[in-house]
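**Student:** predicted model, plus sequence, below.
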Amino acid sequence: MTKIKIHVLHTGLVQVDAGLPTHDKSRNPLAFTGLLRSHIHQVTLPVSSYLIEHPKGLLLIDTGWNELVRTSQWRELGLQMQINKAYLPDGWSIREQLHALGYQPSDIDYLVLSHLHSDHASGLPLVKDAQHILVSAPEWQAAQHDKLRYIAKMWQNVSLKTFAFQPSQLGPFHQSFDLFNDGSVQFIYTPGHSRGLAATLIHSTSGQEVLLASDTGYAQSSIDHLYTPGIVINRRQALESIAWVQQKSHEPQVIETLTNHDPQISPHTITLA
């Protein structure tokens, strides 16, 4: 197999205040929390994951929600459910979608987390049998100390290892991690929303590229207008990261740029020759 096939999956829904995906459109700096804000400000967004069939192995990026949210959001999210309300329709979990595509978790050669926020890491227990489970070193270090943004139980009993970003010509801060050491799948250091956030650049032998922008922005409108997310650890870095995504997305070889929570993006499959 020489083609790369990217399955864009919706592995849940999240209901948040409209200030969370687009900080720059609200005058209230705490709008993203939804506190003292009417329900009319709530929006429901998809939670995306990506299954990539690559000549060198099966790759999964992010996991969406754990099936536990169907019975108790409180048990899975605790106080975070005040900001992020999780929904997981029947058939949408990463375990169920892998099965529908003819795979089981142990078939996954690499599971890479773009970052460890709950809507990306909650489903980890469903795919803990993946051969290699990776997250960036700065993201892992941040998760050890920040109990507000991270829920550590989501990766308990999961064999999670870290990768180090290396100096490169890619990204706003010229750091990346080349998964297969051939330039075909590179994780780009794009901090701001979180300490170790990684976007993913997929490059085919024909020169076509797909950019998975993760949470550098929440939708195409974020990329177009440089809207940073409501939740950030560094607003300047967040702006530089989304600006790089905007610039990169305009390069002619980039055929699609996808963010994790864009309601305009439906599940589909991209094939790169």
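**Tutor:** That came in fine, so what should we check first?
**Student:** count of residues packed around N260?
**Tutor:** 30 (other CB atoms under 10 Å). In short, each C-beta sits where N, CA and C put it, glycine included.
**Student:** strands of the stretch 51-200 of the chain, start to end?
**Tutor:** Under the criterion DSSP state E, counting those that start in this stretch, the stretch 51-200 of the chain contains strands at 57-61, 85-87, 110-112, 132-136, 160-163, 166-167, 175-178, 185-189, 198-203.
**Student:** looking at these, which is closest to L77?
**Tutor:** strand 85-87 (6.3 Å; CB to CB).
**Student:** so what's F177 up against?
**Tutor:** By CB atoms under 8 Å, 6 or more residues apart in numbering, the contact set of F177 is 136, 163-166, 186-187, 198.
**Student:** give the bridge partners for the closest residue to it other than its chain neighbours, please.
**Tutor:** Nearest residue to F177 in three dimensions, chain neighbours excluded: F187, at 4.5 Å (CB to CB, 6 or more residues apart in numbering). Beta-bridge pairing of F187 under DSSP bridges involves F177, T200.
**Student:** how much space separates F187 from S176?
**Tutor:** Using CB to CB, to the nearest Å, we find F187 at a distance of 6 Å from S176.
**Student:** next one: E209
**Tutor:** 13 Å.
**Student:** can you check which residues contact both of those two?
**Tutor:** Counting by CB under 8 Å, 6+ apart, the shared contacts of E209 and S176 are L201.
**Student:** what's the distance between the spatially most central residue of the chain and M81?
**Tutor:** With distances taken as CA atoms, centre = their mean, the chain has S214 as the residue nearest its mean C-alpha position (4.0 Å). Note on S214: its distance to M81, by CB to CB, is 22 Å.
**Student:** burial of A213, as a residue count?
**Tutor:** Quick note: A213 (other CB under 10 Å) scores 30 neighbours.
**Student:** again with Q131
**Tutor:** 14.
**Student:** again, but for G102
**Tutor:** Neighbours of G102 (other CB under 10 Å): 7.
**Student:** hmm, Y110 and Q131 touching each other?
**Tutor:** Yes. In terms of CB atoms under 8 Å, Q131 counts as a neighbour of Y110; the distance is 7.1 Å.
**Student:** got the contact list for the lowest-mean-pLDDT helix or strand in the chain?
**Tutor:** Every helix and strand of the chain was ranked by mean pLDDT, DSSP states H and E. The lowest is helix 73-77, at a mean of 92. Under the criterion CB under 8 Å, 6+ apart, residues 65-66, 68-69, 81, 84-86, 118, 122, 151 lie in contact with helix 73-77.
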